[in-house]
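Visitor: Curious how this folds, go ahead:
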Amino acid sequence: MGKPAAYYTELFARLGGLLEGFGTVPETRAVAEAAVAANPWFTLSDVVFSVDAVRRNMLDAAVSARWLSYYGANERTVRSRVAVIMAGNIPLVGLSDLLCVVASDCIPYIKMSSKDSVLMEYVVGLLCGLAPGIRVERYVPEKRYDAAIATGSDNTGRYFHALFDGIPSIIRGSRSSVALLTGEETDGELHALGRDIFRYSGLGCRNVSLVFIPLDYDLARFVRAVAPPEEAVNPKYRNNYRSLRARLRAAGEDFYDGGTFVVTVGDRFSVSLSNIVAFRYDRAEEVYGWLEANDGAVQCVVGRDVVHPRAVGFGAAQMPWPWDYPDGTDVMAFLRALPEPGSR
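Guide: Residues are numbered from 1 along each chain as shown. So this is what the prediction gives:
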């Protein structure tokens, strides 16, 4: 029999307690600074925000108790070995998968991204220090696994499908997020949307990069309202913006200049990081038709009263709950349904 849900609820809450105030004392400030030094796309504010969001939205005792209550008792008698290949585009992006594997009483074999190894090493070290009986192993390609969870780009996704062929797996590729505006949004809601767009320099799958707007929507107001403070913009993102702006000008293409980003009008995600695409629509049916046709490319949909299984409110895209599974695939249900090792 696996450990009861209450065990993991308490464990995660204790981990969250250790992460409280992360970045405000010399020890954790040094960890945050080391994470930024290892990956220049990370900023200190993003690293601190990420840790706090995890602490509040995933490790809180009431939250994890609610989350784990959805799955009932764990009847597993033999622990499955689960390979977990983590992305590193934003801080602690792989932690939710690790928590799922641990809470399912399986053994995670993790491969951290070099882009996010400093922060992940620190948090994994805290977790294992709290519960020495929790096994968190390192991924070894030659080892046989019972299941796999792998996150990467569309190209690496094809590699992972071949690598883990023959065992149950969750393979994730590239996705982006969208927002649906009606023209009735307050300035406060648009400011919050700006955080959904620019947090983590737009690198996360939950970052909004395409915005649906009515035909007569004032894009100049949108640009003013969502623009981040210039001092908060990562220099690498600003350089990306300057390069894109120069290319658009040279090509004679129309765009709105936000000072650190550009907005162009179109009907598909941009391949350029600092480019927000505005999709003008006449009827809501157009939007929902697009969302259905492009479901495999969309992570979440930001807006007010949006009808969508992965809808979130303004400003909440970068603060997922444990049950906000990437791509809408229930990781806990996947792990609980694994056949016990030796039974296949």
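Visitor: what ranges do the strands span in the stretch 51-200 of the chain?
Guide: Assigned by DSSP state E, counting those that start in this stretch, the strands in the stretch 51-200 of the chain fall at 81-85, 107-111, 137-138, 147-151, 169-172, 176-180.
Visitor: Sorry, slip of the keys, the one I care about is the stretch 201-344 of the chain.
Guide: Using DSSP E, counting those that start in this stretch, strands in the stretch 201-344 of the chain cover 208-214, 256-257, 262-265, 275-281, 298-303, 311-312.
Visitor: Using JSON lines, please lay out these together with distance to T28, mean neighbour count and mean pLDDT.
Guide: C-beta here means a position set from N, CA and C on the backbone, and glycine is covered the same way. Compiled in JSON lines, these are given as follows (distance: least, Cβ to Cβ, whole Å; neighbours: other Cβ atoms under 10 Å; pLDDT from 0 to 100):
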{"stretch": "strand 208-214", "distance to T28": "29", "mean neighbour count": "22", "mean pLDDT": "98"}
{"stretch": "strand 256-257", "distance to T28": "38", "mean neighbour count": "14", "mean pLDDT": "96"}
{"stretch": "strand 262-265", "distance to T28": "36", "mean neighbour count": "18", "mean pLDDT": "98"}
{"stretch": "strand 275-281", "distance to T28": "33", "mean neighbour count": "20", "mean pLDDT": "98"}
{"stretch": "strand 298-303", "distance to T28": "29", "mean neighbour count": "24", "mean pLDDT": "98"}
{"stretch": "strand 311-312", "distance to T28": "28", "mean neighbour count": "20", "mean pLDDT": "97"}
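Visitor: burial of the closest residue to P228 other than its chain neighbours, as a residue count?
Guide: Closest residue to P228 apart from its sequence neighbours, by Cβ to Cβ, 6 or more residues apart in numbering: F198 at 4.6 Å. Applying other Cβ atoms under 10 Å, we find 25 other residues in the vicinity of F198.
Visitor: isn't F198 right next to V233, touching?
Guide: Yes: contact criterion Cβ atoms under 8 Å: F198 and V233 qualify, at 7.5 Å.
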